[in-house]
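Asker: quick one, fold the following:
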Amino acid sequence: MPNGYCLKFNNATQQIFGNTVRPVVYVWQTNDREQQWSAQARLIYSNGFEDTLGSAPSSASKKKEAKNLAARAGFEWLRAQFPSIDLSG
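Answerer: Residues are numbered from 1 along each chain as shown. Below you'll find the model as predicted:
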């Protein structure tokens, strides 16, 4: 399931916020030979404000892996912030 956490992050954000907040995973290439890709999960609110989820960008040797790690961090952050909402679906 290569995009499993991206889908979970998107669905959880929609379940919690509806259409007022958009989930985004930014991905960029680094100069590090071993961890060439970094990614970070963010929420973009309807007023344009961006909220970065997690403390540091996720890094990996492959772009998809970095994106999936960041989406997982975003999903886990949402679960921790909204424990009363069932996000297992």
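Asker: parallel or antiparallel, list what pairs with the lowest-mean-pLDDT helix or strand in the chain.
Answerer: Lowest on mean pLDDT, DSSP states H and E among the helices and strands of the chain sits strand 58-60, with a mean of 86. Using DSSP bridges, the strands paired with strand 58-60 are strand 37-45 (antiparallel).
Asker: tell me which residues of the strand it pairs with come out buried.
Answerer: Across strand 37-45, burial judged by 16 or more other Cβ atoms under 10 Å covers 37-43. Using the backbone N, CA and C atoms, a C-beta is placed for each residue, glycine as well.
Asker: re the thing from before, and the helix or strand just after the least confident helix or strand of the chain, what does it pack onto?
Answerer: Sequence-wise, the next helix or strand downstream of strand 58-60 (DSSP states H and E) is helix 63-81. Judged by 3 or more Cβ pairs under 8 Å, 6 or more residues apart in numbering; DSSP states H and E, the packing partners of helix 63-81 are helix 4-17, strand 21-29, strand 37-45, strand 58-60.
Asker: looking at those, spot the one closest to residue 88.
Answerer: helix 4-17 (9.3 Å; Cβ to Cβ).
Asker: and the contacts of the closest one?
Answerer: 21-23, 25, 41, 43, 67-69, 71-72, 74-75, 78-79, 82, 85, 87, 89 (Cβ atoms under 8 Å, 6 or more residues apart in numbering).
Asker: for the most far-flung residue of the chain relative to its centre, give me phi and psi.
Answerer: Here the centre of the chain is the reference, and by Cα atoms, centre = their mean the most remote residue is residue 33, at 23.4 Å. As for residue 33, its main-chain torsions (degrees, to the nearest 10) stand at phi -70, psi -30.
Asker: and it, how close does it get to residue 61?
Answerer: Using Cβ to Cβ, to the nearest Å, residue 33 is found at 9 Å from residue 61.
Asker: also residue 74?
Answerer: Counting by Cβ to Cβ - residue 74 and residue 61 are separated by 20 Å.
Asker: neighbour count for these two, which is higher?
Answerer: residue 74 (29 against 12; other Cβ atoms under 10 Å).
Asker: the more buried one reaches residue 21, doesn't it?
Answerer: No - in this structure residue 74 lies outside contact range of residue 21 using Cβ atoms under 8 Å: 11.6 Å.
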